[in-house]
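Asker: sequence and predicted model, in that order:
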Amino acid sequence: MWGPRARAPLPCLWASPEAVAVGVSIGINYGKIADNLPSPSRVSWLVQPMQVAKVKLYNADHSILTVFHGSSLELIIGNGNEKLSAMIDMSTAHAWVQDHVLPYLSCTDTRITYITAGN
């Protein structure tokens, strides 16, 4: 019987460091709304020694996409809140993909894996 001082047993979870590290990758978020930001080419240079696998771009800015083109990073590109209402129109959404996604898929080392809608 459970008394006032009785406690439910807590399960113990054990994992080896190898088990924890399987499938783990590091990612960063990169946007351009702030002060004193490094240039896209500088960000690309800074990311390389960090062994970053994924980069979420808050907007599909051509200067940023061009720098990461062919980098073998997994890119997640955003379509900001300010553009969501326009994306209801299928032709506008199609044009956005044609302009911001397809040009960067010609290189096999560029992997745009997701497109986010809104921030």
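Answerer: Thanks, I have the structure now.
Asker: what sits up against stretch 109-119?
Answerer: Applying C-beta atoms under 8 Å, 6 or more residues apart in numbering, the contact partners of stretch 109-119 are 54, 56, 58, 68-81, 84, 87, 97, 101, 104-105. Every C-beta, even on glycine, is put in place using the N, C-alpha and C of the backbone.
Asker: now, of those residues, which are buried?
Answerer: For the contacts of stretch 109-119, a burial check counting by 16 or more other C-beta atoms under 10 Å picks out 54, 56, 58, 68-69, 71, 73-79, 101, 104.
Asker: among these, which are located in helices?
Answerer: Using DSSP state H, the members of the buried ones among the contacts of stretch 109-119 that fall within helices are residue 68.
Asker: of the buried ones among the contacts of stretch 109-119, closest to residue 38?
Answerer: Using C-beta to C-beta, residue 68 comes nearest to residue 38 of the buried ones among the contacts of stretch 109-119, at 13.8 Å.
Asker: ok, back up a step: looking at the buried ones among the contacts of stretch 109-119, which are in strands?
Answerer: Using DSSP state E, the members of those that fall within strands are 54, 56, 74, 75, 76, 77, 78, 79.
Asker: reformat those residues as JSON lines; add distance to residue 109.
Answerer: Converted to JSON lines, these look like this (distance: C-beta to C-beta, whole Å):
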{"residue": "54", "distance to residue 109": "14"}
{"residue": "56", "distance to residue 109": "18"}
{"residue": "74", "distance to residue 109": "11"}
{"residue": "75", "distance to residue 109": "11"}
{"residue": "76", "distance to residue 109": "16"}
{"residue": "77", "distance to residue 109": "16"}
{"residue": "78", "distance to residue 109": "21"}
{"residue": "79", "distance to residue 109": "23"}
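Asker: out of the residues you listed, who's nearest residue 36?
Answerer: The closest of those to residue 36 turns out to be residue 56 (C-beta to C-beta; 20.5 Å).
Asker: the closest residue in space to the closest one that isn't next to it in sequence pairs with what?
Answerer: Leaving aside its chain neighbours, residue 56 sits nearest to residue 76 (4.3 Å; criterion: C-beta to C-beta, 6 or more residues apart in numbering). Using DSSP bridges, the bridge partners assigned to residue 76 are residue 56, residue 114.
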